[in-house]
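Trainee: Test case, fold it:
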Amino acid sequence: MIPETNQLDCRVLRELNNRKTDKLMTRKSKIQIEYLINCSPKVLFNRLSTPSGLAEWFAEDVSVSGKEFVFHWDGSEQSAEITLYKENKLIRFNWKEENEVYFEFRITQHELTGEVSLIVVDFTNEEEKNETIDLWNTQIADLKHVVGS
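Mentor: Model prediction:
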């Protein structure tokens, strides 16, 4: 009788884990948005990778300790850690509260025209996708204003 109970418990736990994994896998989907920014990659990267630069357009306040950034909005805060960094090209922040969920800023410059693009990668629930894109559009409009673009 005990083996049957253990087998049942194992099956239930396995099923619960599968459901939890399925929810995590489908919970957030990746979005990627590209914006043309009229400024140098170095100036842009400063606004994307420093606490003072991010506080100008992304959050009310930003503090940093090592690789951990704490973003403050309307009395709440969220922590993220830098997990990828290529100066003047790429920075990725992984949210501490959510495994494998990050936001990333990638800067590209067209070889012939010199146009600078900012590519934003983020994750969102499918039902909130439009709101998330609208939020990024607003945030990037603020960033463009800050850099004079």
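
Trainee: After the longest strand seen in the chain, which helix or strand is next?
Mentor: Ranked by residue count and defined by DSSP state E, the top strand of the chain is strand 76-86. Where DSSP states H and E defines the elements, the next helix or strand beyond strand 76-86 is strand 90-95.

Trainee: Pull the residues that contact that next one.
Mentor: With C-beta atoms under 8 Å, 6 or more residues apart in numbering as the test, strand 90-95 has contacts from 45, 48-49, 69, 78-85, 100-107, 121. From N, CA and C alone the C-beta is placed, and that goes for glycine too.

Trainee: Mean pLDDT per helix and strand in this structure: which one sits at the bottom?
Mentor: helix 2-27 (a mean of 44; mean pLDDT, DSSP states H and E).

Trainee: State the distance from Asn125 to Phe71.
Mentor: 20 Å (C-beta to C-beta, to the nearest Å).

Trainee: Could you state which residue of this structure sits nearest its centroid?
Mentor: Phe103 (1.4 Å; C-alpha atoms, centre = their mean).

Trainee: That one - nearest residue in space that isn't next to it in sequence?
Mentor: Asp122 (4.6 Å; C-beta to C-beta, 6 or more residues apart in numbering).

Trainee: tell me the contacts of that neighbour?
Mentor: Contact analysis of Asp122 by C-beta under 8 Å, 6+ apart lists Lys30, Ile31, Ile33, Phe103, Glu104, Thr132, Trp136.
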